[in-house]
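Enquirer: Sequence plus the predicted model coming up.
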Amino acid sequence: DSGVTQTPKHLITATGQRVTLRCSPRSGDLSVYWYQQSLDQGLQFLIQYYNGEERAKGNILERFSAQQFPDLHSELNLSSLELGDSALYFCASSEQGISGNTIYFGEGSWLTVV
Amino acid sequence: AQTVTQSQPEMSVQEAETVTLSCTYDTSESNYYLFWYKQPPSRQMILVIRQEAYKQQNATENRFSVNFQKAAKSFSLKISDSQLGDTAMYFCALGNEKLTFGTGTRLTIIP
C-alpha cells in the first residue's frame, strides 16, 4: 500500500459525459501528479500540483482539468469524453518535487468510455 | 524535451537466472533522477530502484541493481536470481519535476 488513495477504482461512462477522479496523497506529501496510461502504453504525464498551485503541465487535453484543494487532495475532471479517453489514470504524490523525493503511485482509476 | 527509450519490448528468462533490462535517455538537465518501476498484472506502479544523476555509485536494492552510465545516458536494470514474482512490465523513468516514462519491457520469468 503506497498510501495514495484513488477513487473510484473503476468507472464506466458514455461518450460525451463528464467524470471526476479523486486522489488523496500520502500524509505529508505536498505534490500531486496525474498520469494517463492507455492500453499497453507507457504513462503520460498530465499535470502536477504543489501545495494547491499548478506546477507543471504535460499533455493534458483542454477537455481535462485538475485542481488541488487546501486539504491537498486533488481531482481530475474529464469532460466531453471520447472512446479514446478510456485508460488507467494514476495519481501520484511526493513530499515536494521529484528532487530528493520519491514519487508514490496510487492503484489507479480505470475509466472505460462506451 | 526529455526522452526515454526502452528498446526491448519483451524479454523472458528462466527462474533463478540474471536478466538485464536496457534504458537510454536524453535530457538537457544537469540534475535529474532515474527510476525503474515495476507494473505487475494488477497494474499497480511499484518503485523498484532510484538513482540520483549526481551520484556515481550505482544504486542497489536487494536483487535489483543498476548500471548507470551518465556520459552514455544509459540506465540499465539488472535482476539477479530472478523469481516468478518478478514477472511484470518494467518502466524506466527520468525526471526532475515530472517523470517521463519509457514504453516498457514486458518481462516473463519462466518456471
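Expert: Arrived safely, thanks for sending. Residues are numbered from 1 along each chain as shown, chains lettered A, B, ... in the order given.

Enquirer: buried set for stretch B:37-48?
Expert: Buried residues in stretch B:37-48, counting neighbours by 16 or more other C-beta atoms under 10 Å in any protein chain shown, are found at B:37-39, B:44-45, B:47-48. Using the backbone N, CA and C atoms, a C-beta is placed for each residue, glycine as well.

Enquirer: Could you tell me the phi and psi values at the closest residue to B:Trp36 other than its chain neighbours?
Expert: Nearest residue to B:Trp36 in three dimensions, chain neighbours excluded: B:Val48, at 4.3 Å (C-beta to C-beta, 6 or more residues apart in numbering or on different chains). Phi and psi for B:Val48, reported as degrees, to the nearest 10, are phi -100, psi -50.

Enquirer: just to revisit the earlier point, return the subset of the buried residues of stretch B:37-48 lying in strands.
Expert: Cross-referencing the buried residues of stretch B:37-48 against strands under DSSP state E gives B:37-39, B:47-48.

Enquirer: so A:Leu72 makes contact with A:Asp29?
Expert: Yes - checked against C-beta atoms under 8 Å, the pair A:Leu72 and A:Asp29 is within contact range at 7.3 Å.

Enquirer: ok, now how distant is the most centrally placed residue in chain B from chain A?
Expert: Centroid-nearest residue in chain B, with C-alpha atoms, centre = their mean: B:Trp36, separated by 3.5 Å. From B:Trp36 over to chain A the distance is 12 Å, taken as C-beta to the nearest C-beta, to the nearest Å.

Enquirer: how much space between A:Gly84 and A:Ser65?
Expert: 18 Å (C-beta to C-beta, to the nearest Å).

Enquirer: of these two, who's got more company?
Expert: A:Ser65 (14 against 10; other C-beta atoms under 10 Å in any protein chain shown).

Enquirer: Could you list which residues are in contact with B:Thr105?
Expert: By C-beta atoms under 8 Å, 6 or more residues apart in numbering or on different chains, the contact list for B:Thr105 reads B:6, B:8-11, B:21-22, B:89-90.

Enquirer: after the helix or strand bottoming out on mean pLDDT in chain B, next one along is what?
Expert: Of all helical and strand segments in chain B, the minimum by mean pLDDT, DSSP states H and E falls on strand B:99-101, at a mean of 90. The first helix or strand that comes after strand B:99-101 along the chain, using DSSP states H and E, is strand B:105-110.

Enquirer: Name the residues of that following strand that are buried.
Expert: Neighbour counts over strand B:105-110 (16+ other C-beta under 10 Å) mark B:105, B:107, B:109 as buried.

Enquirer: Make a markdown table out of these and add pLDDT.
Expert: Converted to a markdown table, the buried residues of strand B:105-110 look like this (pLDDT from 0 to 100):
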| residue | pLDDT |
| --- | --- |
| B:Thr105 | 97 |
| B:Leu107 | 97 |
| B:Ile109 | 97 |
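
Enquirer: Fine by me, we can end here.
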